[in-house]
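[1] Any chance you can model this:
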Amino acid sequence: MEYAIRATNIVRAFPAADGNMFYALKGIDMDIPRGKLTILKGRSGSGKTTLLNILSALDEATEGEVLFGDRELGSMSLEEKEKLRRYEIGFVFQSVALIPIMNAYENVDYGLRLADYKEKRDPRIKQVLKMVGLGGRLNHMPMQMSGGEQQRVAIARAVAHKPGIIFADEPTGALDTVSGLAVMKLFKELIENEGITIVMTTHDPGLMELGDVVYEMEDGEIIGREEHETVKF
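    Residues are numbered from 1 along each chain as shown. Take a look at the predicted model:
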């Protein structure tokens with residue numbers, strides 16, 4: 001199996017108010033397979049968001065090594081990490097963070113401009129919005145869309161510049177069950193059609209079986225790993 005990311009002995013510690021160190025991550029070893037959906041599951045405070053931030057170069061580990069392809073994140077400069085996030089990674093968060101004064105088309109276009117997309121933007125914008133089921137709503141403003149539709153625009157924006165990997169932190173957390181499953185179906189389609197690797201966090205037990213690989217976290221440690229057959233919707 002080919003891996004997009006390999007993490008070894010990842011520790012993340014923060015100074016606590018009592019003068020001691022609080023260990024949010026306690027020696028994590030994990031592999032993220034390329035072209036698959038990997039889920040980090042666990043209750044709030046289990047360390048899954050902290051781990052996601054380290055894997056995506058948003059934060060630095062206190063100890064350990066993260067290989068992003070053949071590059072070690074700890075040896076990269078701040079500028080190199082910024083370029084990595086800007087050009088090779090897509091982000092989706094629970095709060096969709098669309099720009100409220102821009103319509104769906106403009107929100108995706110803005111993402112392409114930030115990523116310095118070299119190809120023609122217009123056909124790609126229309127392609128990804130159609131891909132997420134919003135081809136007929138290019139001119140709709142965020143306030144004119146449901147929470148699920150806004151999240152689909154956010155996903156379109158995240159994949160438009162053709163990143164190799166998407167990190168999604170609780171992307172279904174603010175959605176109802178139907179909208180949440182629609183997002184998961186979309187993730188599966190993106191993996192199949194675009195060849196993207198997706199890593200997401202969730203505490204929703206109803207979504208666990210949809211991951212190709214599922215890591216269970218508790219108190220900053222991985223306490224379980226499961227592999228599932230690819231689910232077809």
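[2] low-scoring pLDDT stretches of the protein, where are they?
    Applying pLDDT under 70 to the chain flags residues 231-233.
[3] so the most centrally placed residue in it is in which element?
    Geometric centre of the chain, nearest residue: Phe167, 1.4 Å, by C-alpha atoms, centre = their mean. In the assignment (DSSP states H and E), Phe167 maps to strand 165-169.
[4] And for Ile32?
    strand 21-33.
[5] how far off strand 165-169 does that strand point, in degrees?
    Taking axes from the mean of the first three to the mean of the last three C-alpha atoms, to 10 degrees, one finds strand 21-33 and strand 165-169 inclined to each other by 140 degrees.
[6] Can you tell me the strand partners of the strand holding Phe167 and which way each runs?
    As defined by DSSP bridges, the strand partners of strand 165-169 come to strand 89-93 (parallel), strand 197-202 (parallel).
[7] would JSON lines of these with mean neighbour count be doable?
    Just so you know, the C-beta spots here come from the backbone N, C-alpha and C atoms, and that holds for glycine as well. Shown next, in JSON lines, are the strands paired with strand 165-169 (neighbours: other C-beta atoms under 10 Å):
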{"stretch": "strand 89-93", "mean neighbour count": "21"}
{"stretch": "strand 197-202", "mean neighbour count": "25"}
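[8] could those strands go into CSV alongside distance to Leu210?
    Below are these laid out as CSV (distance: least, C-beta to C-beta, whole Å):
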stretch, distance to Leu210
strand 89-93, 15
strand 197-202, 9
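[9] Go through these and name the closest to Gln127.
    strand 89-93 (15.1 Å; C-beta to C-beta).
[10] tell me what the lengthiest helix in the chain is packed against?
    Counting residues, the longest helix found in the chain (DSSP state H) is helix 177-194. Counting contacts by 3 or more C-beta pairs under 8 Å, 6 or more residues apart in numbering; DSSP states H and E, helix 177-194 packs against strand 37-41, helix 121-131, helix 147-159, strand 165-169, strand 197-202.
[11] Quick check: buried residues in the strand holding Ile32?
    Within strand 21-33, the residues scored as buried using 16 or more other C-beta atoms under 10 Å are 23-25, 28, 30-33.
[12] What pairs with that strand, parallel or antiparallel?
    strand 3-15 (antiparallel).
[13] buried sites along the strand it pairs with?
    Buried-residue list, strand 3-15, by 16+ other C-beta under 10 Å: 4-5, 7, 10-13.
[14] the inter-axis angle of that strand versus strand 37-41?
    20 degrees.
[15] contact partners of strand 3-15?
    21-34, 47, 50-51, 54-55, 59, 61-69, 164-165, 197, 199, 220 (C-beta atoms under 8 Å, 6 or more residues apart in numbering).
[16] in terms of contact, does Arg121 touch Glu106 like I think?
    No: checked against C-beta atoms under 8 Å, the pair Arg121 and Glu106 is beyond contact range at 10.9 Å.
[17] Alpha carbons only: can I get the strand holding Phe167 in CSV?
    Provided in CSV are the C-alpha atoms of strand 165-169 (Å, rounded to 0.1, in the frame of the first residue of the first chain):
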residue,chain,number,x,y,z
ILE,A,165,-4.9,15.6,0.0
ILE,A,166,-7.8,17.1,1.9
PHE,A,167,-7.9,17.6,5.7
ALA,A,168,-11.4,17.9,7.1
ASP,A,169,-12.0,18.7,10.8
